[in-house]
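A.B. asks: give the three-dimensional model of this entry:
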Amino acid sequence: MNKLPVFFLLCLLTLNGQGQKTNFSYLDVFDLQYVQDPQISPNGDWVVYRRMGFDVIKDRTWGNLWMIKTNGSQHQKLTSREVSESSPSWSPTGDRIAFSSSTEEGSEIYMYWLNSGKLAKLSQLPFSPSSIIWSPDGKHLAFSMNVEMSAPVIAKMPKKPKGAKWADKPRITDRVYHEADGRGYIKPGFNHVFTIPADGGAPRQLTSGNWHHRGTLSWSKDGSKIYFSANRIADWEYRFRNSEIYSVTVNSGEIAALTDRDGPDYSPQVSPDGKHIAYLGYEDKVQAYQIRKLQLMNVDGSNKRTISNALDRSISAIKWDAKSSGLYFNYDDKGNGKIGHVSLSGKVTKLADNRGGTTLGRPYGSGSYSIANNGTIAYTYSRPNYPAELAVLKPKEKSPRKITSLNKALLDYKTLGKVEEVWYKSSFDGRDIQGWVVYPPNYDASKKYPFMVENHGGPILNYGDRFSIEMQLYASEGYVVFYPNARGSTSYGEEFGNLLFNNYPGQDYDDTMDGVDHCLKMGIAYEDQLFVTGGSAGGIMAAWMIGKNKRFEAAVVAKPVMNWISKTLVADNYFGYANSRYPGQPWENFEGYWKFSPLSLVGNIETPTMVMVGMNDLRTPPSEAKQLYHALKLRKIETVLVEIPGASHGIASKPSNLITKIAHTVAWFDKYRTDKEE
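C.D. replies: So this is what the prediction gives:
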């Protein structure tokens, strides 16, 4: 056999590699990386961030800490350890970084010294620490951690004979909230606030009592107190939306409440001058959606007021500016992540766009930022053609500078689907509805492509102009993908998000179908090649749509609620539906719950339907998916049930399951598309 000349081999490598673009494919998922949790140093010189990716062998995400200068130079790994590292926190003087990292015994607190590059493990904790924060003098760290309790004992069992192999002991609980999707059974215990010396030593528990003390922590300026949120009331399990701001005195453990109203008050942040506490919250009106507002009070709890009323959007991740004159914050507006600033008088200024890119599966809102003392912002920056990169925005500059390109070696040689924003009118009430279209790579307007509707979950969430593995893979398989933000979506204000209160599914169906009709008029969809899918609330909508009309060639209904009566009392969040979603409990409002159950429409369904669910799903349990599958089998409608072993509600938490979901959806739709050659 003749050997090819070296020059010819090099030409082949060039054509198949850098010289020729290919479509984004399933295995490319494992090569994607993204920035998470950037933390800028106090002087604005460095950013430490968590570099995330997927492990093709162990089928999981990984995350290590990296550092980079804000000018884009000296990009380097923080440590030489190849284990999970997270939650970096700069010391007040910027000479050290505390962070959490996994060990064989669990997660511990580590310290990294910037000047020497030395690393040390500070703690030996029974459970993983969270919300790590420095004291103002840099001498201590505060954090939250679980403290285990014993399960209730109902009956005393006789001692088993020596060598006997009896069944496992029963699992007994008397708690309202006792299991969580993706976590399973929650062992008894409560989170408490601890401190530990910054140079190592024994941790000290500050809070006590059978309540959870967790979330954002904040030290007083003099370091004598720590502020936190908790729900320290007698019937806290039933008033689960309630929380208050408390202080705990570091030396004595004395706890004092600073707020007292019905609703969530949380995420306290003490101003640098020590005079004010900012926090998030709202007075609970018991409805489907309420925006989080920025609250302010004096450090003693007096003079409470809301300072973000000028912005009809939910606020998160509040951080004081260095002069105590206002606060930075996250918000989403019309499907795009923003960073804003609000003065103490309530003046809101938008500072940055395109924050996001850390939810790679679907284009949900995400991302984070941090602020240096000089006002320089470091944040996760994403566009539809790449996941989160690290961007830096300096004071008085209008445009950010992207200082990382983690996926350049992959995405420069891939042809992605173009993402286009569309707006249209709702036929129900004339509201403006926003959506996006993803075109197949190298889209040819003269050709006819199958058209896929992908409904988002929540339903009180939002899609946007962000990178999405799922949308890009569907597009690479030749589908025009449409994903709308129907009424009930966030980032359009409280009134819009609350339109599904006691009315879900409701006119969100009309909004979605109006989007389909809009795309038909655009000439990018065809009546005989319409497909629909969605997961969770998106699965509910997909099932509702095929129960309401017969326009779709095929459907994939993923992890749906089919019967609100059965779902409400078996899901992990069973306690959260009455009155905020529908009036009363299911046994008090049987007809109301049934009216909005997609199962009530199953007799109308003629669409070939794949039903998909994770076998460990506690949010929309497999019994819900089976109700649809069994009903369609009894009606002799073409259907198939796909059950994914070990998967919870977040099917895509394992990369291979993300691929499984997409591949099965595409395979089902391909059976019914007419443009694809056999």
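
A.B. asks: quick check: closest non-adjacent residue to residue 345.
C.D. replies: Residue nearest to residue 345 in three dimensions, not counting chain neighbours: residue 307, with 7.5 Å by Cβ to Cβ, 6 or more residues apart in numbering. Placement of C-beta: from N, CA and C, glycine included.

A.B. asks: count of neighbours near that neighbour?
C.D. replies: Residue 307 has 20 neighbours, counted by other Cβ atoms under 10 Å.

A.B. asks: and if you look at residue 202?
C.D. replies: 10.

A.B. asks: show me where the stretch 301-450 of the chain has its helices.
C.D. replies: 408-411 (DSSP state H, counting those that start in this stretch).

A.B. asks: now do the strands in it.
C.D. replies: 305-306, 316-320, 326-333, 336-343, 348-355, 369-371, 377-383, 386-393, 401-402, 414-415, 419-425, 432-438 (DSSP state E, counting those that start in this stretch).

A.B. asks: could I get those as CSV with mean neighbour count, distance to residue 583 and mean pLDDT?
C.D. replies: Formatted as CSV, those follow (neighbours: other Cβ atoms under 10 Å; distance: least, Cβ to Cβ, whole Å; pLDDT from 0 to 100):
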stretch, mean neighbour count, distance to residue 583, mean pLDDT
strand 305-306, 12, 28, 96
strand 316-320, 18, 29, 98
strand 326-333, 23, 29, 98
strand 336-343, 21, 34, 97
strand 348-355, 19, 35, 97
strand 369-371, 23, 40, 97
strand 377-383, 26, 40, 98
strand 386-393, 25, 41, 98
strand 401-402, 15, 49, 97
strand 414-415, 17, 50, 96
strand 419-425, 16, 31, 98
strand 432-438, 22, 27, 98
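
A.B. asks: list the contacts for the residue nearest to residue 345?
C.D. replies: Applying Cβ atoms under 8 Å, 6 or more residues apart in numbering, we find residue 307 in contact with 294, 295, 296, 342, 343, 344, 345, 346.

A.B. asks: now do stretch 214-229: distance to the chain's middle.
C.D. replies: Taking Cα atoms, centre = their mean, to the nearest Å, one finds stretch 214-229 lying 26 Å from the centre of the chain it belongs to.

A.B. asks: how far does that stretch stretch from one end to the other?
C.D. replies: Chord length of stretch 214-229, first to last residue, is 6 Å (Cα to Cα, to the nearest Å).

A.B. asks: before we move on, back to that, next, format the strands of the stretch 301-450 of the chain as JSON lines and append distance to residue 489.
C.D. replies: Rendered in JSON lines, the data for the strands of the stretch 301-450 of the chain read as follows (distance: least, Cβ to Cβ, whole Å):
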{"stretch": "strand 305-306", "distance to residue 489": "24"}
{"stretch": "strand 316-320", "distance to residue 489": "16"}
{"stretch": "strand 326-333", "distance to residue 489": "10"}
{"stretch": "strand 336-343", "distance to residue 489": "13"}
{"stretch": "strand 348-355", "distance to residue 489": "18"}
{"stretch": "strand 369-371", "distance to residue 489": "23"}
{"stretch": "strand 377-383", "distance to residue 489": "19"}
{"stretch": "strand 386-393", "distance to residue 489": "22"}
{"stretch": "strand 401-402", "distance to residue 489": "28"}
{"stretch": "strand 414-415", "distance to residue 489": "29"}
{"stretch": "strand 419-425", "distance to residue 489": "14"}
{"stretch": "strand 432-438", "distance to residue 489": "8"}
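
A.B. asks: tell me which of the ones you listed sits nearest to residue 596.
C.D. replies: Of all the strands of the stretch 301-450 of the chain, strand 432-438 sits nearest to residue 596, with 20.8 Å by Cβ to Cβ.

A.B. asks: which helices and strands does the closest one pack with?
C.D. replies: The contact analysis (3 or more Cβ pairs under 8 Å, 6 or more residues apart in numbering; DSSP states H and E) places strand 432-438 against strand 419-425, helix 469-476, strand 480-485, helix 508-522.

A.B. asks: closest one to residue 75 among the strands of the stretch 301-450 of the chain?
C.D. replies: So among these, strand 386-393 is nearest, using Cβ to Cβ, at 9.5 Å.

A.B. asks: now that closest one, how far from the chain's geometric center?
C.D. replies: 18 Å.

A.B. asks: export only the CA atoms of it, formatted as PDB.
C.D. replies: Extracted in PDB, the C-alpha atoms of strand 386-393 (Å, rounded to 0.1, in the frame of the first residue of the first chain):
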ATOM      1  CA  TYR A 386     -21.100  31.100  22.700                       C
ATOM      2  CA  PRO A 387     -21.600  30.300  26.400                       C
ATOM      3  CA  ALA A 388     -20.400  32.500  29.200                       C
ATOM      4  CA  GLU A 389     -17.100  34.200  28.800                       C
ATOM      5  CA  LEU A 390     -15.500  36.700  31.200                       C
ATOM      6  CA  ALA A 391     -16.100  40.400  30.400                       C
ATOM      7  CA  VAL A 392     -14.800  43.500  32.200                       C
ATOM      8  CA  LEU A 393     -16.500  46.900  32.200                       C
END
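
A.B. asks: let's have the chain start at 351 instead
C.D. replies: Got it, first residue is 351 now, which makes that one strand 736-743.

A.B. asks: how far off strand 727-733 does that strand point, in degrees?
C.D. replies: Angle, strand 736-743 to strand 727-733, by axes from the mean of the first three to the mean of the last three Cα atoms, to 10 degrees: 150 degrees.

A.B. asks: now the contacts of residue 657 in CSV, with distance to residue 668?
C.D. replies: Below are the contacts of residue 657 laid out as CSV (distance: Cβ to Cβ, whole Å):
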residue, distance to residue 668
644, 6
645, 10
646, 10
692, 9
693, 13
694, 13
695, 16
696, 14
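
A.B. asks: returning to that earlier point: for residue 473, which of the strands of the stretch 651-800 of the chain is the nearest?
C.D. replies: strand 719-721 (23.5 Å).

A.B. asks: and the closest one, what does it pack onto?
C.D. replies: strand 383-390, strand 666-670, strand 676-683, strand 727-733.

A.B. asks: rerun at 10 Å
C.D. replies: Under the contact criterion of 3 or more Cβ pairs under 10 Å, 6 or more residues apart in numbering; DSSP states H and E, strand 719-721 touches strand 383-390, strand 396-405, strand 435-440, strand 666-670, strand 676-683, strand 686-693, strand 698-705, strand 727-733.

A.B. asks: okay if I get the ones you listed as a markdown table plus distance to residue 905?
C.D. replies: As requested, those are exported to a markdown table (distance: least, Cβ to Cβ, whole Å):
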| stretch | distance to residue 905 |
| --- | --- |
| strand 383-390 | 31 |
| strand 396-405 | 29 |
| strand 435-440 | 39 |
| strand 666-670 | 34 |
| strand 676-683 | 29 |
| strand 686-693 | 29 |
| strand 698-705 | 33 |
| strand 727-733 | 30 |
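
A.B. asks: so which of those strands is nearest residue 809?
C.D. replies: It is, among the helices and strands packed on strand 719-721 and with distance given as Cβ to Cβ, strand 676-683, at 15.0 Å.

A.B. asks: that closest one pairs with which strands?
C.D. replies: Strand 676-683 sits in its sheet next to strand 666-670 (antiparallel), strand 686-693 (antiparallel), going by DSSP bridges.

A.B. asks: just put those in a markdown table and tack on distance to residue 708.
C.D. replies: A markdown table is the format used below for the strands paired with strand 676-683 (distance: least, Cβ to Cβ, whole Å):
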| stretch | distance to residue 708 |
| --- | --- |
| strand 666-670 | 13 |
| strand 686-693 | 10 |
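
A.B. asks: which among those is found nearest to residue 805?
C.D. replies: Using Cβ to Cβ, the strands paired with strand 676-683 put strand 686-693 closest to residue 805, at 19.5 Å.
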